[in-house]
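How does the following fold in three dimensions:
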Amino acid sequence: MKRYDLSRLMKKARSLYRQAMKKGTTTFSEALKTAWAWIKVQAGNAIKVEAAAEAAGYTDVACHTWAGWQALGRMVMHTSEAVFKVTVDDPTTKKGTRIQSYFTYEQTQPTPVV
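Below is the predicted model of the structure:
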């Protein structure tokens, strides 16, 4: 039987619930079901990303999504084009999938201090 990080699961459910409460569209039960689905597809998504990075020839280079670089204190330059894109499963969207774009360090710059 697979083990899941229940703390991560509950944080995701709470986050989904808070987002939906702004719109007034869901219950906590529905948010929890969506969070379970989201947790279960993460392993499959990681495999898809690794395969796409290998196919694009970026196995040794640090590639992150726009949000990943933002979390590291960098921002992607507006003229940058993604080095590779991956269609991943996402139960929080209507289609059930979304496209993730990945960028290298050279395509980013430090986030300006305001």
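
The lengthiest helix in the chain: which residues count as buried?
Among the segments of the chain that qualify as a helix by DSSP state H, the longest is helix 28-56. Of the residues in helix 28-56, those buried by neighbour count under the rule 16 or more other CB atoms under 10 Å are Ala31, Leu32, Thr34, Ala35, Trp38, Ile39, Val41, Asn45, Val49, Ala52, Ala53, Ala56. C-beta here means a position set from N, CA and C on the backbone, and glycine is covered the same way.

what's the distance between the third one and Thr104?
If you measure Thr34 against Thr104 using CB to CB, to the nearest Å, the figure is 32 Å.

Mind checking what helix or strand follows the longest helix of the chain in sequence?
Beyond helix 28-56 in the direction of the C-terminus, DSSP states H and E gives the next helix or strand as strand 63-64.

if you average pLDDT over that next one, what comes out?
The average pLDDT for strand 63-64 rounds to 91.

on that earlier part again, need the max-distance pair from the buried residues of helix 28-56.
Distance extremes for the buried residues of helix 28-56: the farthest pair is Leu32 and Ala56 at 35.9 Å, using CB to CB.

what about Lys12, neighbour count?
20 (other CB atoms under 10 Å).

cool, Pro112 as well?
Applying other CB under 10 Å, I find that Pro112 has 6 neighbouring residues.

got the contact list for the residue nearest to Ala62 when sequence neighbours are not counted?
Nearest non-adjacent residue to Ala62, counting by CB to CB, 6 or more residues apart in numbering: Tyr105, 5.8 Å away. With contacts defined as CB atoms under 8 Å, 6 or more residues apart in numbering, the neighbours of Tyr105 are Val61, Ala62, Arg74.
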